[in-house]
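A.B. asks: This is a predicted model, with the sequence first.
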Amino acid sequence: MKTGIITTNSYSDHDTGLDHPERSDRVSVIIDNLKKSNNKNLIWKKPGNYEKKFIKYAHCDEYINQVEKSFPKNGSIFLDGDTIISPGSKKAITDAVGSIITAIDCVQKKEIKNAFCIVRPPGHHAERDKAMGFCIYNNVAVGAYYLLNNYNFKKVAIIDFDVHHGNGTQNIFYNNEKVLYISTHQYPYYPGTGDKNEKGKFNNIFNIPLSAGTNSEEYLNAYELVLKKIKEFKPEFILFSAGFDAHKDDPLAQLHLKSKDFYDITKRTLITSKSLCNGKIVSILEGGYDLNALKESSEEHVNALTE
């Protein structure tokens with residue numbers, strides 16, 4: 001089976017302005033690069049429709065209503081200090097959530113073996129009741145709830161290798177024994193959460209804080225702790241919050257990973273997943289703000305997924 005790439009053009013209508021780091025060419029550079037590679041092991045798909053109730057599992061009604069009333073008729077507005085929405089954001093946000101649902105359905109139907117959702121805005125900073133850090137809806141959290149409620153899974157793992165801690169995902173699943181959230185991230189750093197003592201009600205939160213300047217060898221050694229925790233939890237499905245801003249060239253952080261490291265992260269996880277959940281993995285784009293590093297790192301991620 002092949003790897004699914006789930007994306008659509010609506011990402012470009014989410015207008016954050018020319019000087020905002022989370023801009024549309026983050027996605028276009030990944031898509032263009034993968035299309036040029038002409039990888040025969042990829043299947044390109046668009047996100048489908050889904051029931052609104054799946055967003056409600058991850059976010060409270062009051063917040064969802066606030067977001068739906070916030071889209072301007074023209075121009076843009078701030079949901080928080082750095083999270084912007086424009087008229088076209090509504091479709092982009094809807095498709096970002098829809099991408100992970102579509103990907104999960106395709107894996108479950110055995111149409112693809114795994115998937116990478118190339119979308120924006122990202123999601124892992126969005127908490128149950130607020131936008132934060134460029135994120136509006138928590139895409140990966142919606143995906144996890146979709147697995148629990150639509151497919152009746154009992155154990156879902158989320159691995160977040162974005163350089164920033166996914167405070168939103170941790171917030172949403174802190175008291176949920178069915179979801180294991182694991183994060184490797186620079187610490188102390190934005191958003192300030194992610195201490196190793198934040199463990200969740202059921203020991204279902206596993207934070208691996210890393211110092212600024214952490215290099216490839218140090219990171220990959222630490223990643224063995226991720227794999228050990230996954231083996232202990234035995235998930236039925238794994239979701240990646242795939243941020244590529246731990247790259248040494250990224251302007252928003254100070255970890256020193258190389259593009260090739262994202263191949264190793266992905267490959268090691270895939271090998272571990274085969275005996276646990278038959279390699280059922282869906283990945284969704286989070287951060288990454290140097291375009292060349294993002295292009296290279298995401299291609300390495302996809303190369304591992306397709307093997």
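C.D. replies: Noted; the coordinates are in hand. Every value quoted in this text rests on a predicted model; they were computed, and no experiment measured them.
A.B. asks: element containing the most centrally placed residue in the chain?
C.D. replies: With distances taken as CA atoms, centre = their mean, residue 241 lies nearest the centre of the chain, 2.6 Å away. Per DSSP states H and E, residue 241 falls inside strand 237-242.
A.B. asks: Send me that strand as PDB with only the CA atoms.
C.D. replies: What follows is strand 237-242, C-alpha atoms only, in PDB (Å, rounded to 0.1, in the frame of the first residue of the first chain):
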ATOM      1  CA  PHE A 237      -3.100   3.900  16.400                       C
ATOM      2  CA  ILE A 238      -0.400   6.600  16.400                       C
ATOM      3  CA  LEU A 239      -0.800  10.200  15.400                       C
ATOM      4  CA  PHE A 240       2.200  12.500  14.700                       C
ATOM      5  CA  SER A 241       2.100  16.200  15.500                       C
ATOM      6  CA  ALA A 242       4.800  16.900  12.900                       C
END
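A.B. asks: now that strand: mean pLDDT?
C.D. replies: When pLDDT is averaged over strand 237-242, the result is 99.
A.B. asks: how far off strand 237-242 does the longest strand along the chain point, in degrees?
C.D. replies: In the chain, ranked by residue count with DSSP state E as the criterion, the top strand is strand 179-186. Computed by axes from the mean of the first three to the mean of the last three CA atoms, to 10 degrees, the angle separating strand 179-186 from strand 237-242 equals 20 degrees.
A.B. asks: What pairs with strand 179-186, parallel or antiparallel?
C.D. replies: Using DSSP bridges, the strands paired with strand 179-186 in its sheet are strand 156-160 (parallel), strand 205-210 (parallel).
A.B. asks: highest average neighbour count across those?
C.D. replies: Comparing the strands paired with strand 179-186 by mean neighbour count (mean count of other CB atoms under 10 Å), strand 156-160 comes out on top with a mean of 26. Every residue, glycine included, has its C-beta placed from N, CA and C.
A.B. asks: Can you classify residue 199 by secondary structure?
C.D. replies: Per DSSP: H, G, I helix; E, B strand; the rest coil, the local secondary structure of residue 199 is coil.
A.B. asks: Could you say which helix or strand holds the nearest residue to residue 260 once chain neighbours are set aside?
C.D. replies: Leaving aside its sequence neighbours, residue 260 sits nearest to residue 300 (CB to CB, 6 or more residues apart in numbering; 5.8 Å). Here residue 300, judged by DSSP H and E, is contained in helix 291-306.
A.B. asks: So for that helix, what gets flagged as buried?
C.D. replies: Residues of helix 291-306 classed as buried: 291, 293-305 (neighbour count, 16 or more other CB atoms under 10 Å).
A.B. asks: Stretch 264-277 too?
C.D. replies: 264, 265, 266, 267, 268, 269, 270, 272, 273, 276, 277.
A.B. asks: how close does the closest residue in space to the fifth one that isn't next to it in sequence get to residue 213?
C.D. replies: Distances taken as CB to CB, 6+ apart place residue 227 nearest to residue 268, at 6.2 Å, with adjacent residues excluded. With the distance defined as CB to CB, to the nearest Å, residue 227 ends up 23 Å from residue 213.
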